[in-house]
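K.L.:
Take a look and give me a structure for this.
(one chain, ligands or ions: 1)
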Amino acid sequence: MNLAPNLGTAEPGTPATTSLVSAVNLAKQFHGRKVLDGVDFDVAAGEVSVIIGKSGSGKSTLLRVIAGLEDPEEGDVTIDGVLVRSGGARTADWNHGAAKVGMVFQSYNLWPHMNVLDNLILAPRKILGLSAGEAEARAEKALAEVGMAEHIRSRSTQLSGGERQRVAIARALMMRPQVLLCDEITSALDPPVAAEVLGVLARLKQEEGLAVVLVTHDMAFASKAADRVIFFSNGRIAVDATPDEAFHHCENAELKAFVDAVRID
Ligand SMILES: Nc1ncnc2c1ncn2[C@@H]1O[C@H](COP(=O)(O)OP(=O)(O)OP(=O)(O)O)[C@@H](O)[C@H]1O
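P.N.:
Alright, predicted model coming up:
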């Protein structure tokens, strides 16, 4: 049974018209090993991109560099038309880009000693200087968007894994991003719960026009739900195609072997 909601709307071959994120020639090494090896990557507004590839191929590092959690040695990044990274270094306009990009992690990263509301308002109050009332109103809206409004006073430790992940998405929404970077966010969840979380992303794309970039090992989701499938190999983008092209018509031998190793519905 395929539990992945269909997020895709783009016709095969439709070119991206609006580049929200554009990364050029990203290079990153760890201990002398090239983890990003001259990566060009773009995200169109309202598009769902799924990044697949072998463990250790650099998928998470790409997201972390775009989110600013890692600094690359090389590369330019433009977000919503503003150059935020040049030659690897942050530009003076970095904060413009940081505000447009949210990130969600497999491990939720919620503070266990705080309730849901406090988890959500901590960063926006500090970074945006919102008043308590403004931040709470924003939190109510974000929680409603992920179907968690009734849990605003719950402690994160009282929530299930799927609920925690929906709260983590709401926390990312607090900064009103235009693109959500999701790193293996359903890996720890049972399939029906994972489908609920992915359904939240579907709604956010359809109702809010949010662009989503998902690193996942969930091939059913990649084949059914993505506008684009990006196959990462040895720090490079080896294939960037529609799901149909990537999974059924691609000549790339490495992707074929990767796909043959898993079952595609
Ligand atoms: N902070 C770090 N310090 C040292 N090495 C790192 C660091 N972050 C990542 N690496 C290494 O870089 C390589 C790529 O890691 P990355 O997490 O980007 O891969 P991935 O494709 O997301 O893998 P997975 O699917 O297993 O999560 C790995 O060999 C990893 O051990």
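K.L.:
part of a helix, is Leu199?
P.N.:
No Leu there; residue 199 is Gly. Yes. Assessed with DSSP: H, G, I helix; E, B strand; the rest coil, Gly199 lies in a helix.
K.L.:
how about Gly68, what does it touch?
P.N.:
Contact criterion C-beta atoms under 8 Å, 6 or more residues apart in numbering gives 90, 94, 97-98, 101 as the residues in contact with Gly68. The way it works is simple: take the backbone N, C-alpha and C, and place the C-beta from them, glycine included.
K.L.:
quick one: which of these is most hemmed in?
P.N.:
With neighbours defined as other C-beta atoms under 10 Å, the most crowded of the contacts of Gly68 is Val101; it has 26 neighbours.
K.L.:
sorry, back to before: can you put the contacts of Gly68 in JSON lines and add pLDDT, secondary structure and distance to Phe232?
P.N.:
Listed next are those as JSON lines, based on pLDDT from 0 to 100; DSSP: H, G, I helix; E, B strand; the rest coil; distance: C-beta to C-beta, whole Å:
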{"residue": "Arg90", "pLDDT": "95", "secondary structure": "strand", "distance to Phe232": "24"}
{"residue": "Trp94", "pLDDT": "92", "secondary structure": "helix", "distance to Phe232": "25"}
{"residue": "Gly97", "pLDDT": "84", "secondary structure": "helix", "distance to Phe232": "22"}
{"residue": "Ala98", "pLDDT": "83", "secondary structure": "helix", "distance to Phe232": "24"}
{"residue": "Val101", "pLDDT": "94", "secondary structure": "strand", "distance to Phe232": "19"}
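K.L.:
between those, which is nearest the ligand?
P.N.:
When the contacts of Gly68 are compared for distance to the ligand (C-beta to the nearest ligand atom), Val101 comes out closest, at 17.1 Å.
K.L.:
Quick check: the closest one touching Arg176?
P.N.:
No. Taking C-beta atoms under 8 Å as the definition, Val101 is not a contact partner of Arg176, at 11.0 Å.
K.L.:
How many neighbouring residues does Lys141 have?
P.N.:
Here the number of neighbours of Lys141 (other C-beta under 10 Å) works out to 14.
K.L.:
can I see the domain layout of this structure?
P.N.:
Under the assignment named as automatic domain parsing, the residue ranges that make up the domains of the chain are 19-100+178-260, 111-176.
K.L.:
Tell me the buried residues in the helix or strand where Lys34 lies?
P.N.:
Per DSSP states H and E, Lys34 falls inside strand 33-44. By neighbour count on 16 or more other C-beta atoms under 10 Å, the buried set for strand 33-44 is 35-37, 39, 41-44.
K.L.:
Also stretch 66-83?
P.N.:
Judged by neighbour count using 16+ other C-beta under 10 Å, the buried positions of stretch 66-83 are 66-68, 70, 72, 74-80, 83.
K.L.:
now the strands: where do they sit in the chain?
P.N.:
Remark: strands assigned in the chain by DSSP state E are 19-30, 33-44, 48-53, 74-79, 82-86, 89-90, 101-105, 179-183, 211-215, 228-233, 236-241.
K.L.:
got TSV for those strands, with distance to Cys250 too?
P.N.:
Conversion of the strands of the chain to TSV gives the following (distance: least, C-beta to C-beta, whole Å):
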stretch	distance to Cys250
strand 19-30	23
strand 33-44	18
strand 48-53	12
strand 74-79	26
strand 82-86	31
strand 89-90	36
strand 101-105	28
strand 179-183	24
strand 211-215	19
strand 228-233	8
strand 236-241	6
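K.L.:
got TSV for those strands, with distance to the ligand too?
P.N.:
What follows is the strands of the chain, written out as TSV (distance: least, C-beta to the nearest ligand atom, whole Å):
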stretch	distance to the ligand
strand 19-30	3
strand 33-44	4
strand 48-53	6
strand 74-79	15
strand 82-86	18
strand 89-90	18
strand 101-105	11
strand 179-183	7
strand 211-215	6
strand 228-233	6
strand 236-241	12
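K.L.:
Only alpha carbons, please: show the strand holding Lys34 as PDB.
P.N.:
Only the C-alpha atoms of strand 33-44 are listed here, as PDB (Å, rounded to 0.1, in the frame of the first residue of the first chain):
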ATOM      1  CA  ARG A  33      37.200  14.100   1.600                       C
ATOM      2  CA  LYS A  34      35.000  16.000  -0.800                       C
ATOM      3  CA  VAL A  35      31.500  15.700   0.500                       C
ATOM      4  CA  LEU A  36      30.100  18.400  -1.800                       C
ATOM      5  CA  ASP A  37      32.000  18.500  -5.100                       C
ATOM      6  CA  GLY A  38      30.900  21.500  -7.100                       C
ATOM      7  CA  VAL A  39      27.200  21.200  -6.600                       C
ATOM      8  CA  ASP A  40      24.700  23.400  -8.500                       C
ATOM      9  CA  PHE A  41      21.300  23.200  -7.000                       C
ATOM     10  CA  ASP A  42      18.100  25.200  -7.300                       C
ATOM     11  CA  VAL A  43      14.700  25.200  -5.700                       C
ATOM     12  CA  ALA A  44      11.700  26.700  -7.500                       C
END
